[in-house]
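Novice: Structure for the following, please:
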Amino acid sequence: MTKRTKDVVASIFLILFASAYFGFSFTIRITDQYGGSALVPRLCSGILVICALILLYRAILKKDAAPKCSEDAELENPPNYRSVILTLLLIGTYAFLLKIVGFILSTILYLISQIVLLMPQKDKKSVLKAFIASILVACLVYLLFVNVFYVTLPRGIFW
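Specialist: All right, here's what the predicted structure looks like:
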């Protein structure tokens, strides 16, 4: 299967998915005149359609941008399923721990684990940067949601 065919199939799937997503956004109850809760899903579905249309345009109209995929190249570099499986396990663990230990601590633990998992080199300096970035991101997101959006996030057993 050529790259062009894969891109066409993927873009058609994304357009259908985004259209369904947009349609389901009309089931969301609107609480104010500016779109309320339905605004973000509608914007995301619109952006996804635009990206899918760009992919479709590049796949169909640009002949030089679609080289044939090599079956040998796929066999030489098999996909790393370990990272995918561990990421799914981390997401599941994060969702499980969210209500128990709270947003801040579970988010810090998740971000550190995810960053270290995807890190190409795992030296002390990089892990320390990941730790600091995780703490900063978790705290900033917490402050943003609690103080700006007025959303209550899980506090957990420590608060």
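
Novice: Quick one: residues contacting Y21.
Specialist: By CB atoms under 8 Å, 6 or more residues apart in numbering, the contact set of Y21 is 41, 44-45, 48. Every C-beta, even on glycine, is put in place using the N, C-alpha and C of the backbone.

Novice: So how do I select the buried members of those residues in ChimeraX?
Specialist: A single ChimeraX command selects the buried members of those (16 or more other CB atoms under 10 Å):
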select :41,45,48
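
Novice: least trustworthy helix or strand in this protein by mean pLDDT?
Specialist: helix 71-76 (a mean of 54; mean pLDDT, DSSP states H and E).

Novice: how about the contacts of Y21 in CSV, adding secondary structure and distance to A59?
Specialist: Converted to CSV, these look like this (DSSP: H, G, I helix; E, B strand; the rest coil; distance: CB to CB, whole Å):
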residue, secondary structure, distance to A59
P41, helix, 26
C44, helix, 22
S45, helix, 21
L48, helix, 16
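
Novice: what would the contacts of Y21 look like in TSV with distance to L98 and pLDDT?
Specialist: What follows is the contacts of Y21, written out as TSV (distance: CB to CB, whole Å; pLDDT from 0 to 100):
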residue	distance to L98	pLDDT
P41	22	88
C44	22	93
S45	26	95
L48	26	96
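
Novice: Kindly reformat the contacts of Y21 as JSON lines containing distance to D7.
Specialist: Output for those, formatted as JSON lines (distance: CB to CB, whole Å):
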{"residue": "P41", "distance to D7": "25"}
{"residue": "C44", "distance to D7": "21"}
{"residue": "S45", "distance to D7": "20"}
{"residue": "L48", "distance to D7": "15"}
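
Novice: and which of the contacts of Y21 is nearest Y94?
Specialist: C44 (21.4 Å; CB to CB).

Novice: Show the average pLDDT along the strand or helix carrying L16.
Specialist: Per DSSP states H and E, L16 falls inside helix 3-24. Averaging pLDDT along helix 3-24 yields 92.

Novice: How about stretch 82-92?
Specialist: 95.

Novice: rewinding a little: which of the contacts of Y21 lies closest to S11?
Specialist: Distances from S11 to the contacts of Y21, taken by CB to CB, are shortest for L48, at 10.4 Å.

Novice: Just give the closest residue to the closest one, not the sequence neighbours.
Specialist: Spatial nearest neighbour of L48, excluding adjacent residues (CB to CB, 6 or more residues apart in numbering): A18 at 4.0 Å.
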